[in-house]
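Asker: build the 3D model from these lines:
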Amino acid sequence: MWQPLIIFLMQLSLLPIVTLRTILLVKGETRKASVIGVVEAAINVLSLGIVFQDMSNIWNIIAYAIGFGAGLMLGGVLENKLAIGYVTHQINLLDRSEKLVNRLRAEGFGVTVYQGEGREDNARFRIDVLSKRSREKELLQIVNELAPKAFLVSFEIRSFKGGYLTKSMKKKQR
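Answerer: Residues are numbered from 1 along each chain as shown. The predicted structure follows:
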C-alpha cells in the first residue's frame, strides 16, 4: 500500500538530482556530477526494483510515471532558481544608444559595442553583454525599457577568460 507513495517520492527527488548532475556535467564539474550520479543510480535502482517486483500493480507504475513528470517540473524550477553560469547577449540596434550602454555599465554588466553594416550599407550597432544567469531578467528589463525594438540573441557560456567581469570578480574576492 505504501509502495506507490514511496515510488512517487523517489521519482520526485530523482529528477531534480538528474537536473543538477546534468548542469554540473555541462559546466565541466565532472567530479561533483559523478558523486551526484551515485545517488541518482541508487534511487533509480531502488524505485525500479519496487516497480519490477510486481508489474501487475498498476498503482506502482502510475506512481512512477507521475513522480517522473512532477520531478521534471521540480528540476526545471530548481534549474531556474539556481541559474548557474553565465550568459552573453548580443543586442542589435539601428541606432547607437549611449543611454543603454551607460546604464548597463552602471549596473555592473560587461559591455562591448561594435559598429557594423546592414543590408543597404546602413550602420548597425551591436552591444555584447556578459552577465551571470541570475541577472538575466534584470538585463532584459533594462533593454526592454531603453531599447524596446532591439533584436536580442543570447548564448550560454561554458567558460571564459579575461575581460571586465573577471576583473570585477577578483575585486570582490579581496
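Asker: any idea whether the residue of the chain most remote from its centre is helix, strand or coil?
Answerer: Distance from the C-alpha centroid of the chain, by C-alpha atoms, centre = their mean, peaks at S56 (39.5 Å). Three-state assignment for S56 (DSSP: H, G, I helix; E, B strand; the rest coil): coil.
Asker: also the one 4 residues further on?
Answerer: For N60, the reduced secondary structure class is helix; criterion used: three-state DSSP.
Asker: on that earlier part again, give me phi/psi at the residue farthest from the centre of the chain?
Answerer: Dihedral pair for S56: phi -80, psi -10, per degrees, to the nearest 10.
Asker: please apply the same query to M55.
Answerer: Main-chain dihedrals, M55, degrees, to the nearest 10: phi -70, psi -10.
Asker: the closest residue to it other than its chain neighbours - how many residues pack around it?
Answerer: What sits nearest to M55 in space, not counting adjacent residues and going by C-beta to C-beta, 6 or more residues apart in numbering, is I61, at 7.5 Å. Every C-beta, even on glycine, is put in place using the N, C-alpha and C of the backbone. Residues lying near I61 (other C-beta atoms under 10 Å) number 15.
Asker: what pLDDT does the model give I61?
Answerer: Looking at I61, its pLDDT stands at 94.
Asker: does it touch V51 like I think?
Answerer: Yes. With contact defined as C-beta atoms under 8 Å, I61 counts as touching V51 (6.2 Å).
Asker: residues touching stretch 50-59, excluding its own?
Answerer: The contact list for stretch 50-59 (C-beta atoms under 8 Å, 6 or more residues apart in numbering) reads Q3, P4, I6, I7, N60, I61, Y64.
Asker: what comes up buried for that stretch?
Answerer: I50, V51 (16 or more other C-beta atoms under 10 Å).
Asker: output that stretch as CSV, nothing but the C-alphas.
Answerer: In CSV, the C-alpha atoms belonging to stretch 50-59 read as follows (Å, rounded to 0.1, in the frame of the first residue of the first chain):
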residue,chain,number,x,y,z
ILE,A,50,9.9,-1.9,-6.4
VAL,A,51,8.1,-1.4,-9.7
PHE,A,52,9.5,-4.6,-11.3
GLN,A,53,8.7,-6.7,-8.2
ASP,A,54,5.0,-6.7,-9.3
MET,A,55,4.4,-5.5,-12.8
SER,A,56,0.7,-6.2,-12.3
ASN,A,57,0.4,-3.4,-9.7
ILE,A,58,-0.8,-0.6,-11.9
TRP,A,59,-0.6,1.9,-9.0
